[in-house]
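Asker: no FASTA, just this:
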């Protein structure tokens, strides 16, 4: 897929924070497109060695059958800094994004606009690719929500400064909820609807579940 030349990647954490604030102003909402393919991406790390394994899995929709997948290993020079995950993980994902055909939707194991500066990993990837992107995180970074019911399908608004930033979704019984926020070119309600359409009985939606599984293999 074609990737936008947003900025250079050899920057300091301080420069990265300033860049996030600048790029967040370019994030836009919108409806879900017609979906024929969806791409899930993820990056896993081995703390003892500092190695990463990045993965991308392209699926058909609505069948969610695997069309193509790719993975690579390496080391990232950017340090681990909370809130700056995209500067650590996107360089690992760039070769995979560049070699795959463009999907209609990208689903990321990470935050979208539910981020201290409004630019999580999913939003950054959305701006980079120009493709509607959803952040589907396993934990909360920022935001407040009311208590969530235990039943599968239960949802609550995820609010940041009284603004709707996403949804907290109970995807499976007796499992911790997911924190869903739009990355780019999607409204919050459309983002959670996209995740719901990709659930197949597991806690994680299929695109990120399969990408997570691939990223952990052989690591």
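Answerer: The structure has been received and is ready for your questions. As the structure is a prediction and not an experimental result, all values here were calculated from the model.

Asker: Can you pull up the most central residue in this protein?
Answerer: residue 108 (2.1 Å; Cα atoms, centre = their mean).

Asker: quick one, what contacts that residue?
Answerer: With contact taken as Cβ atoms under 8 Å, 6 or more residues apart in numbering, residue 108 is in contact with 40, 41, 42, 121, 122, 125, 133, 134, 135, 136, 183, 208. Using the backbone N, CA and C atoms, a C-beta is placed for each residue, glycine as well.

Asker: Which residue, other than its chain neighbours, is closest to it?
Answerer: residue 122 (4.0 Å; Cβ to Cβ, 6 or more residues apart in numbering).

Asker: Surely the one you found forms part of a strand?
Answerer: No. With DSSP: H, G, I helix; E, B strand; the rest coil as the criterion, residue 122 is assigned helix and is not in a strand.

Asker: That one touches residue 133, doesn't it?
Answerer: Yes. Residue 122 is in contact with residue 133 according to Cβ atoms under 8 Å; the separation is 4.8 Å.

Asker: re the thing from before, in strands, which of the contacts of residue 108 appear?
Answerer: Counted as lying in strands by DSSP state E, out of these, are 40, 41, 42, 133, 134, 135, 136, 183.

Asker: which among the residues you listed gets closest to residue 169?
Answerer: residue 136 (8.6 Å; Cβ to Cβ).

Asker: what separates that closest one from residue 206, distance-wise?
Answerer: Residue 136 sits 11 Å away from residue 206, going by Cβ to Cβ, to the nearest Å.

Asker: Got phi/psi on residue 85?
Answerer: Main-chain dihedrals, residue 85, degrees, to the nearest 10: phi -60, psi -40.

Asker: all helices of the chain, in order?
Answerer: 13-24, 85-99, 121-129, 188-197, 206-216 (DSSP state H).

Asker: out of these, deepest packed?
Answerer: helix 121-129 (a mean of 27; mean count of other Cβ atoms under 10 Å).

Asker: can you give me the mean pLDDT across it?
Answerer: Across helix 121-129, the average pLDDT comes to 98.

Asker: quick check: angle from that helix to helix 188-197?
Answerer: In terms of direction (axes from the mean of the first three to the mean of the last three Cα atoms, to 10 degrees), helix 121-129 departs from helix 188-197 by 100 degrees.

Asker: Show me what helix 121-129 is packed up against.
Answerer: With contacts defined as 3 or more Cβ pairs under 8 Å, 6 or more residues apart in numbering; DSSP states H and E, the packing partners of helix 121-129 are helix 13-24, helix 85-99, strand 105-108, strand 133-137, strand 178-184.

Asker: hmm, who's touching it?
Answerer: Contacts for helix 121-129 (Cβ under 8 Å, 6+ apart): 1-4, 6, 20, 23-24, 26-27, 41, 85-86, 89-90, 93, 97, 102, 106, 108, 110-113, 115, 132-136, 181-185.

Asker: go on, stretch 55-62?
Answerer: 35-44, 65-71, 93, 96-97, 100-101, 103-105, 197-198, 206-207, 210-212, 214-215.

Asker: Number of residues surrounding residue 9?
Answerer: Residue 9 has 12 neighbouring residues, counting by other Cβ atoms under 10 Å.

Asker: List the contacts of it.
Answerer: Counting by Cβ under 8 Å, 6+ apart, residue 9 has contacts 78, 87, 90, 91.

Asker: Using TSV, lay out the contacts of residue 108 together with distance to residue 202.
Answerer: Shown next, in TSV, are the contacts of residue 108 (distance: Cβ to Cβ, whole Å):
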residue	distance to residue 202
40	12
41	17
42	14
121	21
122	20
125	22
133	21
134	16
135	18
136	12
183	21
208	10
